[in-house]
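> Please work out how this folds:
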Amino acid sequence: MPKPRMIAELAEKGISAELATCDSPQWKHTEMYNRALAFKRELHYEFTQWKSKDDVEDPDVHGYLFTHGDGAIVGACAFRNRTCNPGEIRWGLQWIWICPRERRNGYLARRWKAFREKFSSFIVEAPVSEEMKAFLRKHGDDDLMRYDQ
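Purely as a prediction, here's the structure:
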């Protein structure tokens with residue numbers, strides 16, 4: 001279902017309207033939380049990986065709401081700074097969830113180049129689905145997966 005606030009922001013800011021940070025309005029945090037909750041339920045995670053605006057524990061978090069052409073929000077993902085090895089901090093793609101009926105419609109593929117440019121050689125964190133592993137291989141980026149997966 002198209003979201004009026006998202007439609008208005010997309011009209012004003014273009015694709016950058018999909019970004020959600022600790023400074024974003026509450027409605028974006030709610031939309032991010034709803035997709036993180038769907039991810040948690042689908043993959044049987046113990047906790048939801050996005051909190052409300054008032055409970056953001058990471059000021060550097062970057063969330064993205066994936067939108068359909070009509071302004072409907074069909075998915076989301078989140079990047080966070082991670083310490084990989086002592087003294088090495090990299091971005092991590094912490095989670096990504098796309099509505100099942102919208103999967104394989106290119107939402108991630110259309111944003112992948114921009115994510116690579118912004119976050120460079122980020123880590124794709126576990127759990128990683130077989131579909132995501134195939135996506136990474138297809139894009140020549142399977143080296144982004146953590147080795148403990």
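> Please count neighbours and contacts with C-alpha atoms only from this point.
Will do.
> For the biggest helix by length in the chain, buried residues please.
The residue-count maximum for a helix in the chain (DSSP state H) belongs to helix 26-43. For helix 26-43, a neighbour-count test (16 or more other CA atoms under 10 Å) marks 28-29, 31-40 as buried.
> do stretch 123-134 as well
123-125, 128.
> sorry, back to before: from the buried residues of helix 26-43, pick the one nearest G140.
F39 (24.8 Å; CA to CA).
> what pLDDT does the closest one get?
The confidence metric pLDDT takes the value 91 at F39.
> L136 versus the residue nearest to C22 when sequence neighbours are not counted, what's the distance?
Spatial nearest neighbour of C22, chain neighbours left out: P59 (5.7 Å); criterion: CA to CA, 6 or more residues apart in numbering. Remark: distance between P59 and L136 (CA to CA, to the nearest Å) = 28 Å.
> more crowded one of the two?
Neighbour totals were compared for P59 and L136, and L136 leads with 16 against 11 (other CA atoms under 10 Å).
> Skipping adjacent residues, who's closest to the more buried one in space?
Once flanking residues are discounted, L136 sits nearest to D142: 4.8 Å by CA to CA, 6+ apart.
> quick one: the one you found and K133 touch, right?
Yes - the pair formed by D142 and K133 meets the contact definition of CA atoms under 8 Å, at 6.8 Å.
> residues in contact with the lengthiest strand in the chain?
Assignment by DSSP state E gives strand 73-85 as the longest strand of the chain. With contacts defined as CA atoms under 8 Å, 6 or more residues apart in numbering, strand 73-85 is touched by 1-3, 6, 32, 35-36, 58, 60-68, 89-99, 102.
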